[in-house]
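Asks: dropping the sequence and predicted coords here.
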Amino acid sequence: MLPSLYPIVDAANFSTSLKLCEFSKELIAGGAMLIQYRNKKGSAREILSQARQLRTLCGDQTTLFMNDRADLCLSAGFDGVHVGQDDLSPAAARIVVKEGKWVGVSTHNLQQALEADTTSADYIAIGPIFATESKEHPDPVVGLDGLKKIRAATRKPLVAIGGITLANCRSVIDAGADSVAVISALLTSPAKTVEDFIRILM
Ligand code: TZP
Ligand code: MG
């Protein structure tokens, strides 16, 4: 089962690997059970190096997902891979990581979510729910009404993403999400903010 809070550590927000690792430790100190590592700009070697550092510092108690890259998920000893609409399909990612690892897929509208529902993906991410500045060229916002329609269309776990904050996260869960994925709202006071999210989402 996915935890209700799904923090994403985006390398774009950190000037060094050390800072990225310190931030990730804070998330875990606050109670994060899962982290997705996202690095849209690094080379495969840089991504693998940072991912291995994350794996080492997290130990086995934190579930780690690799964004985009099924191969690097395996190389870094991560627990799952999260693919988008332009990455390997969920079926192709599954062939790489096999059973026993998580495969998640990003969707941005009802049609994509319906398509993802037919795959072996373990969960479907949907967003942006609200406006976001953490993604280049984001798709149109889905909104809470859009999320409710997608909730009615699939039984797979739903991870909502995009513009989610302490102030609006409860409404996202109430609209049918199983989990909320968060980037920017965790950047200030990460440990305390994770604690606050978890308390609100309980
Ligand atoms: N996909 C849809 S919105 C988004 C991604 C990766 C960014 C979410 O970041 P934030 O800062 O929580 O809005
Ligand atoms: Mg992707």
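Replies: Structure's in. What do you need? Numbers count the residues shown, from 1 in each chain. Ligands and ions are numbered 1, 2, ... in the order given.

Asks: skipping adjacent residues, who's closest to the residue in the chain that ligand 2 sits nearest to in space?
Replies: Ranked by C-beta to the ion, the top residue of the chain for proximity to ligand 2 is G84, at 2.9 Å. Bear in mind the C-beta positions are built from the backbone N, C-alpha and C, glycine included. The spatially closest residue to G84, leaving aside those adjacent along the chain, is S106, at 4.3 Å (C-beta to C-beta, 6 or more residues apart in numbering).

Asks: that's a strand at the one you found, yeah?
Replies: Yes - note on S106: a strand contains this position according to DSSP: H, G, I helix; E, B strand; the rest coil.

Asks: number of nearby residues for it?
Replies: Each residue near S106 was counted by other C-beta atoms under 10 Å, and the total is 23.

Asks: go ahead and confirm it touches D86.
Replies: No - distance between S106 and D86: 9.5 Å, which falls outside the contact criterion (C-beta atoms under 8 Å).

Asks: get me the contact residues on the protein for ligand 2.
Replies: For the chain, the contact set with ligand 2 under C-beta under 5 Å from the ion comprises 68, 84, 87.

Asks: top of the residues you listed by number of neighbours, please.
Replies: Counting neighbours by other C-beta under 10 Å, the one among the residues of the chain next to ligand 2 with the most is D68, which has 21 neighbours.

Asks: backbone dihedrals for the residue nearest to that one when sequence neighbours are not counted, both of them.
Replies: Here the nearest residue to D68 in space, its sequence neighbours aside, is D87; by C-beta to C-beta, 6+ apart that works out to 5.1 Å. For D87, the backbone dihedrals are phi -90, psi -170 (criterion: degrees, to the nearest 10).

Asks: and D87, how far from V182?
Replies: When distances are taken as C-beta to C-beta, to the nearest Å, D87 and V182 turn out to be 21 Å apart.

Asks: what about the strands in this protein?
Replies: Counting by DSSP state E, the chain has these strands, from start to end: 5-10, 34-38, 63-67, 80-83, 102-107, 123-126, 158-161, 179-182.

Asks: can you give me how far the last one is from the chain middle?
Replies: Averaging C-alpha positions (C-alpha atoms, centre = their mean, to the nearest Å) puts strand 179-182 7 Å from its chain's average.

Asks: and that strand, is it in reach of ligand 1?
Replies: Yes - Strand 179-182 lies within reach of ligand 1 by C-beta under 6 Å from any ligand atom, at V182.

Asks: list the neighbouring strands of that strand plus their orientation.
Replies: Strand pairing for strand 179-182, using DSSP bridges, gives strand 5-10 (parallel), strand 158-161 (parallel).

Asks: ok, and which of those strands has the densest surroundings?
Replies: Relative to the other members of those, strand 158-161 carries the highest mean neighbour count by mean count of other C-beta atoms under 10 Å, namely a mean of 26.
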